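> Just the structure for this:
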Amino acid sequence: MFVISNENTKIPIKIWLPKDSAPEDSCMEQAIHLANLPFLHKWVALMPDTHTGMGMPIGGVIAAEQVVIPNAVGVDIGCGMGFVGTNIRAEDVKNIATPNGSLIQDIVGDILRNVPVGFNHHKKKQASQCLDKAMQSLSLYEGNPELQHEIEDGYYQIGTLGGGNHFIEIQEDDDGFIGFMLHSGSRHFGSEICNLFNRKAKELNEKWYSGVPESYRLAFLPLDTAEGQQYCNWMNLALDFAYENRSLMLTAVKNIFEKWLAKYTNLSVTYSEEINCHHNYAAQENHYGKNVIVHRKGATRARESELALIPGAMGSYSYVVRGKGNPESFCSSSHGAGRRYSRTGAMNAFTCEEVMADLNMQGVVLGKHNKKDVAEESRFAYKDIDEVMANQADLVEPVKRLKTLGVVKG
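Numbers count the residues shown, from 1 in each chain. Reported below is the predicted structural model:
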């Protein structure tokens, strides 16, 4: 970790990278913008997977005093990770041949058929505790009638994966046991909330002559305003939606796994306790003696002894980690490997054929409806996850390392 503190910043910037591996210029420009905001506490923290985002770097953590910044949470509110381990040895599953090729291929194909991915959603209304609760508490949301249809629409979106870097993976840990990991968020729900309240924040900041340049894309809402409270209400609903979304998909994956195990083996599966954690959100916390609103955009909370998930890229390694509660990072860690190439850059650098050959060489089964954009998610489009882990050894300790066996992508 190194620190930048000079005449260009009001507060320091702490970066969990070697000094000779500073982030790209555009990422640093965004970090400097953050460091000049008038309401931040202590410093800006950049995790080792940091890269340029919208307004605020991905892999960025800030503690704000009495304000919330929609773009410092982002459009996929509540995006995060889910994981459950099993007692089933990978060698007892991955070598089973079936009429379709292998048992892993059957499981991946069944997940792809039964968990909507990309822009797809369920044809029928799904059960949802968090949306039912919202319907019973509509007074919290009546100030934003333009968003209320999202609650009803959410019944068809919950339990769906999305696209981009979202995934469901069948994995093998270093002890040879199978686990399931997934990455998803609040789907269209969070995007609509962010976009609406970022527009409201821009309008209000212009009205107030706030002093935060519009070019920063960091318009803010004070918590003591109606708009600030409304954003928090909607954001917290999106967080609950994202959490339940991941939980429902893990349940669907477990049911599919059990079905195929019963068909081809006499094995009985038991599961570890599920891990379900966000990495795009804002929450009130206490750091260095002050109650603040910690914004984690592409960063995972890592309190002392807290379990969390840090994925690599498909065909790479992922980690279950235990937090060390490092106060300098506001008890945070990276949320993944972090991109080396933009999506467009990856499509230009790698071909579909190269990515498929790499996955085939590793024995990874890919489930994807359309492979034309598969290069966007090549493991070579991401930073080396083991380097990322080494750079945050003071933030988390590895508990379990997992390798991709099969992956479903949108």
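> Tell me which other helices or strands the helix or strand containing residue 397 touches.
Taking DSSP states H and E as the definition, residue 397 sits inside strand 396-409. If contacts are counted by 3 or more CB pairs under 8 Å, 6 or more residues apart in numbering; DSSP states H and E, strand 396-409 sits against helix 103-114, strand 167-173, strand 177-184, strand 307-310, strand 317-323, strand 365-367. C-betas here are computed from N, CA, C, even on glycine.
> Who are the packing partners of the third one?
Spelled out, it's strand 177-184. Partner elements for strand 177-184 (3+ CB pairs under 8 Å, 6+ apart): strand 80-89, strand 167-173, helix 226-264, strand 396-409.
> partners of that strand in the sheet?
Using DSSP bridges, strand 177-184 pairs in its sheet with strand 80-89 (antiparallel), strand 167-173 (antiparallel).
> Of those, which stretch is the most buried?
Here the criterion is mean neighbour count by mean count of other CB atoms under 10 Å, and of those the winner is strand 167-173, at a mean of 24.
> orientation of that one relative to helix 103-114 in degrees?
Inter-element angle recorded for strand 167-173 and helix 103-114: 160 degrees (by axes from the mean of the first three to the mean of the last three CA atoms, to 10 degrees).
> re earlier: any chance of the helices and strands packed on strand 177-184 in TSV, with mean pLDDT and distance to residue 135 too?
As requested, the helices and strands packed on strand 177-184 are exported to TSV (pLDDT from 0 to 100; distance: least, CB to CB, whole Å):
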stretch	mean pLDDT	distance to residue 135
strand 80-89	98	24
strand 167-173	98	28
helix 226-264	98	11
strand 396-409	98	31
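> what's the most buried one of the ones you listed?
Among the helices and strands packed on strand 177-184, judged by mean count of other CB under 10 Å, the one packed with the most neighbours on average is strand 167-173 (a mean of 24).
> Quick one: low-confidence residue ranges for this protein.
Within the chain, no range satisfies pLDDT under 70.
> From residue 239, how far off is the residue sitting nearest the centre point of it?
Most central in the chain under CA atoms, centre = their mean is residue 80, positioned 3.4 Å from the mean C-alpha point. Using CB to CB, to the nearest Å, one obtains 9 Å as the distance from residue 80 to residue 239.
> Residue 223 too?
17 Å.
> Residue 65 too?
Distance from residue 65 to residue 239, by CB to CB: 21 Å.
> Likewise for residue 69?
Relative to residue 239, and taking CB to CB, residue 69 is found at 16 Å.
> again with residue 74
12 Å.
> cool, and residue 386?
Distance from residue 386 to residue 239, by CB to CB: 30 Å.
> Could you tell me which residues touch both of residue 80 and residue 239?
Common contact partners of residue 80 and residue 239 (CB atoms under 8 Å, 6 or more residues apart in numbering): residue 278.
> closest one to residue 310 among the strands paired with strand 177-184?
Of all those, strand 80-89 sits nearest to residue 310, with 8.0 Å by CB to CB.
> Measure how far the closest one is from the centre of its chain, please.
Its chain's C-alpha centre and that of strand 80-89 lie 17 Å apart, by CA atoms, centre = their mean, to the nearest Å.
> again with stretch 115-126
20 Å.
> Could you do stretch 309-316 as well?
Counting by CA atoms, centre = their mean, stretch 309-316 comes out at 12 Å from the chain centroid.
> what's the answer for stretch 154-171, then?
That offset, for stretch 154-171, works out to 11 Å (CA atoms, centre = their mean).
> looking at the strands paired with strand 177-184, which is closest to residue 228?
strand 80-89 (23.3 Å).
> so the closest one versus helix 226-264, what angle?
20 degrees.
> Just confirm residue 191 is within a helix.
Yes: Residue 191 forms part of a helix when assessed by DSSP: H, G, I helix; E, B strand; the rest coil.
> check contacts around it.
Taking CB under 8 Å, 6+ apart, we find residue 191 in contact with 75, 76.
> And the next helix or strand past the one helix or strand residue 199 maps to?
Assigned by DSSP H and E, residue 199 belongs to helix 187-208. Following helix 187-208 in sequence order, the next helix or strand is strand 221-222 (DSSP H and E).
> Tell me the strands beside that following strand, with direction?
Strand pairing for strand 221-222, using DSSP bridges, gives strand 67-68 (antiparallel).
> who touches the partner strand?
39, 220, 221, 222, 223, 228, 231, 232, 235, 282, 293, 295.
> just stretch 291-298 next, same as before
Stretch 291-298 is touched from outside by 41, 47, 49-50, 53, 56-69, 72-74, 223, 278-287, 330, 332, 335-336, 338, with contacts defined as CB under 8 Å, 6+ apart.
> If we go by neighbour counts, what in that stretch is buried?
Neighbour counts over stretch 291-298 (16 or more other CB atoms under 10 Å) mark 292, 293, 294, 295, 296, 297, 298 as buried.
> Which of the three states applies to the first one?
In this case it means residue 292. Criterion first, three-state DSSP; result for residue 292: strand.
> And for it, nearest residue in space, chain neighbours not counted?
Once flanking residues are discounted, residue 292 sits nearest to residue 63: 3.9 Å by CB to CB, 6 or more residues apart in numbering.
> Can you report phi and psi for the one you found?
Dihedral pair for residue 63: phi -120, psi 110, per degrees, to the nearest 10.
> Could you do residue 155 as well?
Main-chain dihedrals, residue 155, degrees, to the nearest 10: phi -60, psi -20.
> Would you mind measuring from it to residue 230?
With CB to CB as the criterion, residue 155 and residue 230 are 22 Å apart.
> How far does stretch 381-392 sit from its chain's centre?
With CA atoms, centre = their mean, you get 16 Å for stretch 381-392.
> Not counting that stretch itself, show me its contacts.
1, 16-18, 47-49, 310-313, 316-319, 333-334, 336-341, 345-346, 349-350, 375, 396, 398.
> Go again with 7 Å.
Stretch 381-392 has contacts (CB atoms under 7 Å, 6 or more residues apart in numbering) with 16-17, 47-49, 312-313, 316-317, 319, 333-334, 337-341, 346, 350, 398.
> Start and end of that stretch, how far apart?
This stretch, stretch 381-392, spans 21 Å end to end (CA to CA, to the nearest Å).
> now swap in stretch 298-315 and tell me
21 Å.
> buried ones in that stretch?
Neighbour count says stretch 298-315 has 298-302, 306-315 buried, by 16+ other CB under 10 Å.
> Tell me the one of those nearest residue 35?
residue 299 (16.4 Å).
> This completes my enquiry, with thanks.
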